[in-house]
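Sequence and computational prediction follow.
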Amino acid sequence: MALFGFKKKEEEKKEPAKKAEVKAAPKKEEKPKVEAKKIVPTISSGKDLSRVLIQPRVTEKATVKQTTENVYVFNVDPRANKKDVSDAVAHLFKVTPVKVNIAKVPSKKVSTRIRGRSGVKSGGKKAYVYLKEGDSISIV
């Protein structure tokens, strides 16, 4: 520490000598690291296809349609359209759908078990995906 300028000149003289030694050392040439980025398939509107299909809708009606008519039912993102659902099914399950129908599921008022208070059961969207006779999707 230089108080009133004393010893300041000595510190300045010592520092350049140290820096010169560091500069004399050869530097290794490092190649830029190439990181493997996960490629997420997207559609033209910029939506992520893996987030379009939320989950398969497993109900009595859905299982009957699946076995008799080769129709699969999925809960889908509320902002998804038929083209998004078709592209997502084609990419995730490697099956091309013949037809896609979409229906809105309305939210419903329900009474809770605690003190009979009322609440809301959230709605959403479901998609009916029609496949050819030989095609199938394994839902486990």
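Alright, I've got the coordinates.

With adjacent residues omitted, what lies nearest to residue 111?
Excluding the flanking residues, the one nearest residue 111 by CB to CB, 6 or more residues apart in numbering is residue 118, at 5.5 Å. In this view, the C-beta of every residue, glycine as well, is placed from N, C-alpha and C.

same thing with residue 99?
In space, residue 99 is closest to residue 130, 4.1 Å off (CB to CB, 6+ apart).

That neighbour contacts residue 66, correct?
No - applying CB atoms under 8 Å as the test, residue 130 and residue 66 come out as separate, 11.0 Å apart.

higher neighbour count, those two?
Taking neighbours as other CB atoms under 10 Å, residue 130 and residue 66 compare with residue 66 leading, 18 against 15.

pLDDT score for the more buried one?
You'll see residue 66 listed with a pLDDT of 94.

for residue 13, same thing?
For residue 13, the predicted pLDDT is 62.

One more: residue 129?
Confidence score, pLDDT, at residue 129: 97.

So what does it look like in phi/psi?
phi -110, psi 120 (degrees, to the nearest 10).

again with residue 121
phi -90, psi 120.

got the contact list for the closest residue to residue 98 other than its chain neighbours?
Leaving aside its chain neighbours, residue 98 sits nearest to residue 130 (4.8 Å; criterion: CB to CB, 6+ apart). Listed by CB atoms under 8 Å, 6 or more residues apart in numbering, the contact set of residue 130 reads 69, 70, 71, 97, 98, 99, 100, 101.

pretty sure the fifth one contacts residue 133?
No - at 9.8 Å, residue 98 and residue 133 do not qualify as touching, with contact defined as CB under 8 Å.

No further queries at this time; thank you.
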